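Chemist: only geometry, no sequence info:
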């Protein structure tokens, strides 16, 4: 059994995501993180009413991506689902993605299947890349390759891993939740496999390509969480994966400052919130501070 989990927050794109996955899985769960748009709420209620294989969990406020993911993981476990497919509301699956990814996985050697915790889809940025490449697959390419990191959206997670003391860290609220989860499962001895044939269409902020750099134009508040949480990860996993942690830290702090300086607006506000994030990380002030 496969349960899809869509985490939604004030986005009408959730309906496009739902339509792309509803016929590919056994059950679809949407966790709405405190949306206030009346049309969105009515649309979600309509989904639940019309599709008995769907469920909507309405949180009365934004509890964060990590909390919503844990709610979904618990629900999938109670359904006795073998896989939890996690999706952001701005993501979109291509036709037959679920069938093909599971078929590819089942063809792997048993010892690899036993060690695998996550099957990750390659992603394409909707605002930068062209149409999905799924129809142009090179059949000689291996189905999967092991990777250290994967975005949360487009992950097939074995629900059995949640019995191993693994969960999404709610202290992070948003941002770096995927990196933290990836470090955790690898530290437990599991592996992440990335599909080399299957794609998901995703939006990473208001991304643009400028002079060879991908500029995501995160808001000042998102810059706060990115900087604070990367330092949290630095302190937590430095001796487990020094190079990996360093890459995340340099990208979030120094890479962020570089792109803000040369390509983005609201420079002062973003610098300020990066500083706030660094200070709070030093003093271990975690959890929700600003509503994005």
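Modeler: Structure received. What you see is a predicted model, and the numbers here were worked out from it, not measured in a lab.
Chemist: hey, where'd the helices end up in the stretch 151-292 of the chain?
Modeler: Assigned by DSSP state H, counting those that start in this stretch, the helices in the stretch 151-292 of the chain fall at 177-187, 220-237, 242-249, 256-263, 267-282.
Chemist: I'd like those helices laid out as CSV, including mean neighbour count and mean pLDDT.
Modeler: All C-beta spots, glycine's among them, are computed from the backbone N, C-alpha and C. Output for the helices of the stretch 151-292 of the chain, formatted as CSV (neighbours: other Cβ atoms under 10 Å; pLDDT from 0 to 100):
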stretch, mean neighbour count, mean pLDDT
helix 177-187, 22, 97
helix 220-237, 22, 97
helix 242-249, 16, 96
helix 256-263, 16, 93
helix 267-282, 17, 97
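Chemist: Take those helices and lay them out in TSV including distance to residue 93.
Modeler: Formatted as TSV, those follow (distance: least, Cβ to Cβ, whole Å):
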stretch	distance to residue 93
helix 177-187	18
helix 220-237	25
helix 242-249	27
helix 256-263	29
helix 267-282	33
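Chemist: In this protein, what helix or strand scores lowest on average pLDDT?
Modeler: strand 208-210 (a mean of 62; mean pLDDT, DSSP states H and E).
Chemist: how does the chain divide into domains?
Modeler: 2-202, 208-282 (automatic domain parsing).
Chemist: how long is the first one end to end?
Modeler: Between the start and the finish of domain 2-202 there is a gap of 21 Å, counting by Cα to Cα, to the nearest Å.
Chemist: quick one: low-confidence parts of the stretch 51-200 of the chain?
Modeler: Counting by pLDDT under 70, the ranges of the stretch 51-200 of the chain that qualify are 126-141.
Chemist: need the strands for it, in chain order.
Modeler: In the stretch 51-200 of the chain, the segments counted as strands under DSSP state E, counting those that start in this stretch are 54-59, 83-88, 92-93, 116-125, 144-147, 155-158, 191-202.
Chemist: Give the other helices and strands that the second one contacts.
Modeler: Pointing back at strand 83-88 there. strand 2-8, helix 13-21, helix 65-78, strand 155-158 (3 or more Cβ pairs under 8 Å, 6 or more residues apart in numbering; DSSP states H and E).
Chemist: List the contacts of the closest residue to residue 252 other than its chain neighbours.
Modeler: In this structure, residue 252 finds its nearest non-sequential neighbour in residue 230, 3.9 Å apart by Cβ to Cβ, 6 or more residues apart in numbering. Neighbouring residues of residue 230 by Cβ atoms under 8 Å, 6 or more residues apart in numbering: 176, 248, 249, 251, 252, 253.
Chemist: cool, residue 153 as well?
Modeler: Neighbouring residues of residue 153 by Cβ under 8 Å, 6+ apart: 86, 87, 88, 91, 123, 200, 202.
Chemist: burial measure for the nearest residue to residue 117 once chain neighbours are set aside, as a count.
Modeler: Spatially, and ignoring its direct neighbours in sequence, residue 117 is nearest to residue 190 (3.5 Å; Cβ to Cβ, 6+ apart). Neighbourhood size, residue 190 [other Cβ atoms under 10 Å]: 18.
Chemist: which ones are touching residue 190?
Modeler: By Cβ under 8 Å, 6+ apart, the residues touching residue 190 are 115, 116, 117, 118, 161.
Chemist: Output those residues as a markdown table; include the columns distance to residue 56 and neighbour count.
Modeler: Below are the contacts of residue 190 laid out as a markdown table (distance: Cβ to Cβ, whole Å; neighbours: other Cβ atoms under 10 Å):
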| residue | distance to residue 56 | neighbour count |
| --- | --- | --- |
| 115 | 34 | 12 |
| 116 | 30 | 20 |
| 117 | 27 | 24 |
| 118 | 25 | 24 |
| 161 | 25 | 20 |
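Chemist: Quickly name whichever of these is closest to residue 106.
Modeler: Proximity of the contacts of residue 190 to residue 106 (Cβ to Cβ) peaks at residue 116, which lies at 11.4 Å.
Chemist: I'd say the closest one and residue 106 touch.
Modeler: No: using Cβ atoms under 8 Å, residue 116 makes no contact with residue 106, being 11.4 Å away.
Chemist: and the residue nearest to residue 100 when sequence neighbours are not counted, how far is that from residue 123?
Modeler: Leaving aside its chain neighbours, residue 100 sits nearest to residue 198 (5.9 Å; criterion: Cβ to Cβ, 6+ apart). Residue 198 is 10 Å from residue 123, where distance means Cβ to Cβ, to the nearest Å.
Chemist: Next: residue 222.
Modeler: 19 Å.
Chemist: now residue 244
Modeler: In terms of Cβ to Cβ, residue 244 sits 19 Å off from residue 123.
Chemist: Thanks again, I'm all set now.
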